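Student: 3D, please:
(2 chains)
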Number of protein chains: 2
Amino acid sequence: MRLTQGLCRAFQVNPRGIATIEGDRRRTWQQVMERVGRLSTGLGGLGAQPGDRVAVLAHNSDAFFETYFAILWSGGIIVPLNTRLARAELAFQLQDAGVGILMFGQEFAQLAAELKSSLGSVLRCVGMDAPGSAADYSTEALIAAHAPASEKVRLNSDLAGIFYTGGTTGMPKGVMLSHANLASMAVNLIMSTKIDETCVNLHSAPMFHLADIGTFMTTMVAGTHVFARRLDEQIMLELIERHRVTHCFTVPAVIDRMARHPRAPHTDLSSLKLLGYGGAPMPTGTYEVARAVFPKVDFVQGFGSTEMAAHTFLGPQYHRPGADPEKLKSAGQTCFGYELRVVGPDGLDLPPRQVGEIIGRGDNVMQGYWNRPEETAKALRDGWLHTQDAGYLDEQGFVYITDRLKDMIISGGENVYSIEVENAVSRHPAVHECTVIGVPDAKWGERVHAIAVLKEGQSLDLEALRNFCRESIAGYKLPKSLEIRKTLLPRSPAGKVLKRELREPYWAGHTRSI
Amino acid sequence: MRLTQGLCRAFQVNPRGIATIEGDRRRTWQQVMERVGRLSTGLGGLGAQPGDRVAVLAHNSDAFFETYFAILWSGGIIVPLNTRLARAELAFQLQDAGVGILMFGQEFAQLAAELKSSLGSVLRCVGMDAPGSAADYSTEALIAAHAPASEKVRLNSDLAGIFYTGGTTGMPKGVMLSHANLASMAVNLIMSTKIDETCVNLHSAPMFHLADIGTFMTTMVAGTHVFARRLDEQIMLELIERHRVTHCFTVPAVIDRMARHPRAPHTDLSSLKLLGYGGAPMPTGTYEVARAVFPKVDFVQGFGSTEMAAHTFLGPQYHRPGADPEKLKSAGQTCFGYELRVVGPDGLDLPPRQVGEIIGRGDNVMQGYWNRPEETAKALRDGWLHTQDAGYLDEQGFVYITDRLKDMIISGGENVYSIEVENAVSRHPAVHECTVIGVPDAKWGERVHAIAVLKEGQSLDLEALRNFCRESIAGYKLPKSLEIRKTLLPRSPAGKVLKRELREPYWAGHTRSI
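Tutor: Sure thing, here's the model as predicted:
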């Protein structure tokens, strides 16, 4: 299936239905279809050919949504950029993907101008909404000036997007996802959540991230998207009440903050049917508060990765009072269309409750890493994606994640790959050696914690380290605490830092929410 | 997606759940998985290679279900045979598809023996259950003698089945459906019907026909299949009560008979959630009776063809009291994953409410007709299947079928292609020229009606004609009434018989259920 088929269908079966809401602006599926077709022609006029990479740097908005589909409609490959990254990180991704056109929201006009000047004339900038000075073109002008184009996607296997993800090797890798990959994710989530055209989906996760699963599934059922450029728990509560939101997919920390917000009891949340979350099981405390505040809302969990989208699903029945509390600690069962196994180092299946590597297969599994044949071959073997996550299955196929082999820290719903932070910290002239781990944090779930051994006679404090690292990595990746060690880091015989040992004292009495 | 992935998942997430029920026999997903794997090894031992065609001739049963998946598991292509066909028709299909192995239910042992002797040693016969004398092998012996094999399917695009369908040219054509095609049908129906692992599906339509949509969708959600070799409305009511059936997909005529059955009011039907139907909109009379007898049951309609599986869907909300009665006459809207258009002879889209040819695109669309490149090229153009059905769309994308260009008669839920009957009738020595039309019938919806002009001095009655035709076509295709005309048939300037004109007097005061 192609993602564009979902848009065509939404236009056919619900032309006068509300497709997008942002603030006071509402557009029908007919209007969105028309605008997408026109913008697609406009992009073609800028020379964008099928297969070209087009980046988007923007907060969630209806304009982002239309731009997303216009790129796809013209056969292009979207490269959604993480808005929180440092300029150097963004420049790397633009160059790595060979991006020729950058579409940006007005709130990123300054950053777009900087990127353009650092990358030179190869990059053309298209401003979404009101164009800033950095814009060579603007989407509104392109939409006004062109007639709708016909769709240029040919095959289900045509690439739809390149999504960058941190990696164990330190440099982010571009995950290649085809139309079939992303459509499969949408289809599996529709089967699991049972949404239909009555769905009003509040986009809580950032649209540049696969965690914002609503973009395709809500379109496929011809439902309604609600966007806001700036979101916090109070705004979310207001939007749910104002637009009669039925579905919202987010992270446990946000559900927690919504549930504990003083306005929650005074907000009309009667429209809300389902709160989905991913990235981590729901902490028991959050679960209890959320159940009390949202007694009629179903909770569901999805688990996956950029390489393998939402692969497992923990349904509402396992979140209801009386359900087996054990299951609530799992990441659910394999989605209807996929396969998941837990294997030992020899690649053979392990019996239930024995920990091994989690591997997955299905139409959601990426085509590979962009221009990284070796890492692709390592990750994809015989069609199976090797996740580098450790876990086990129980007797009913529920999967429990026990460790992230990739040493990923999940802080406030964002994935932080420790290697990226370690690379930045280790470049500080005072640092002899360092490591980065996640430690429990009341606000962030986990926080990024740096442990450094300094060169003789040197000194370093957290503030100085953060200022130094800010040049090369995003703000949310910066260490939030620093520990200076006098002795060298403990290492395995093979020379690998024993992170588990370093983490232990911090995690005593806590359950690591993996 | 491969159909076998659904089986693997069902085994993983619901191993102790009941997979199949037939009479007093129940098997869990673990048992079914085990038996499928063993039977697959056994078929391999008989020399069946991936890509080989294996036919099945059987009534609905758990054995049919296991055989279905064993053929797929070994990479084979299933050729499900219509149990009501005449021997000559079956022999044609076996030869046309190049079938090497015929699996048959014990109730067809005699027919299998006849087919074997007419086709010679190329055909090996495997008896399902207790093998009859025709069996070279039996499934139970193969299951007992072998260990489970690993799956041999490689790609989503691997062929899964060849489904024969009558054609405008008189000879049945084998519709090639891949794993992806059939999985797509299942996925779209799961999204539309919102079934999950609690689904208990009574197989009402014959499993050799695509109308039995439950085989794959129920497996994919790890639900429960209920089979019966012999079914009538009373048995269906009994099975629903006994096995707490939740879902049943059938035809309006069967729903009508169930609803009017004297036992219905005394049967516990409280488990039933959904009655699906296809092949025709539900006649108003049936709808009213069914609503009264099954007040809490949702009704849904699917529309498609062998070439394009279930392509549109009319949801439960359009069957509820107060819904727009106009929509109930439609075949619903395009399923989530597909596209549907109504085009004129120039191939361009027609505006709403203008009648043209219905064309469809999606992962459900067949790969083509087996060994019929010319007919494939005619039916499939640029990925669009040309259905030869005429109809129109309304402003919300509901499709209304106004005529079947293929001159198909739907009698008791079976599709009868008039050309096949005409071929048989015209071979009678007394017949000068003939045509076959569908006329309204209280019991069958439509009945097969032959109109013949005889050679001079000849006579013919219905009984004699039926006996003559029985040699070459299935019983359900035989004319149920005969009209002898003294004058030649009315024809168009191009020489085409004007069936519409012949049908008119019969249909006055009736709505043709298309």
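Student: distance of A:Tyr287 from A:Val245?
Tutor: 21 Å (CB to CB, to the nearest Å). Using the backbone N, CA and C atoms, a C-beta is placed for each residue, glycine as well.
Student: A:Tyr369 now?
Tutor: Applying CB to CB, the value for A:Tyr369 to A:Val245 is 36 Å.
Student: quick one: which of A:Tyr287 and A:Val245 has more around it?
Tutor: Shown here are A:Tyr287 and A:Val245; by other CB atoms under 10 Å in any protein chain shown, A:Val245 has more neighbours (23 against 19).
Student: buried ones in the biggest helix by length in chain A?
Tutor: The residue-count maximum for a helix in chain A (DSSP state H) belongs to helix A:29-45. If you call a residue buried by 16 or more other CB atoms under 10 Å in any protein chain shown, then helix A:29-45 has these buried ones: A:29-44.
Student: before we move on, what about stretch A:347-362?
Tutor: A:350, A:355-362.
Student: check stretch A:46-59 too.
Tutor: Applying 16+ other CB under 10 Å to stretch A:46-59 flags A:46, A:48, A:52-59 as buried.
Student: what do you get for stretch A:456-475?
Tutor: Buried residues in stretch A:456-475, counted by 16+ other CB under 10 Å: A:460, A:465-466, A:468-469, A:472-474.
Student: who touches that stretch?
Tutor: Here stretch A:456-475 makes contact (CB atoms under 8 Å, 6 or more residues apart in numbering or on different chains) with A:82, A:84-86, A:88-89, A:420-421, A:423-425, A:427-431, A:450, A:452, A:454, A:477-479, A:481-482, A:484.
Student: of those residues, which belong to helices?
Tutor: Mapping these onto helices (DSSP H) picks out A:88-89, A:420-421, A:423-425.
Student: out of these, which end up buried?
Tutor: Buried, going by 16+ other CB under 10 Å: A:89, A:420-421, A:423-425, out of the ones in helices among the contacts of stretch A:456-475.
Student: which one of the residues you listed is nearest to B:Leu123?
Tutor: When these are compared for distance to B:Leu123 (CB to CB), A:Glu420 wins out at 63.8 Å.
Student: need the contact list for A:Leu239.
Tutor: A:202, A:226, A:228, A:245.
Student: so who does the first one touch?
Tutor: A:Leu202 makes contacts with A:226, A:228, A:236, A:239-240, A:243, A:245, A:247-248, as judged by CB under 8 Å, 6+ apart.
Student: hey, what's it bridged with?
Tutor: For A:Leu202, the beta-bridge assignment (DSSP bridges) gives partners A:Val226, A:Cys248.
Student: how far away is it from A:Phe303?
Tutor: Per CB to CB, A:Leu202 is found 21 Å from A:Phe303.
Student: and A:Ile358, how far from A:Asp403?
Tutor: With CB to CB as the criterion, A:Ile358 and A:Asp403 are 10 Å apart.
Student: joint contacts of the two?
Tutor: Counting by CB under 8 Å, 6+ apart, the contacts common to A:Ile358 and A:Asp403 are A:389-391.
Student: smallest gap between the stretch 401-514 of chain A and chain B, at which residue?
Tutor: Closest approach between the stretch 401-514 of chain A and chain B, counting by CB to the nearest CB: A:Ile401, at 16.7 Å.
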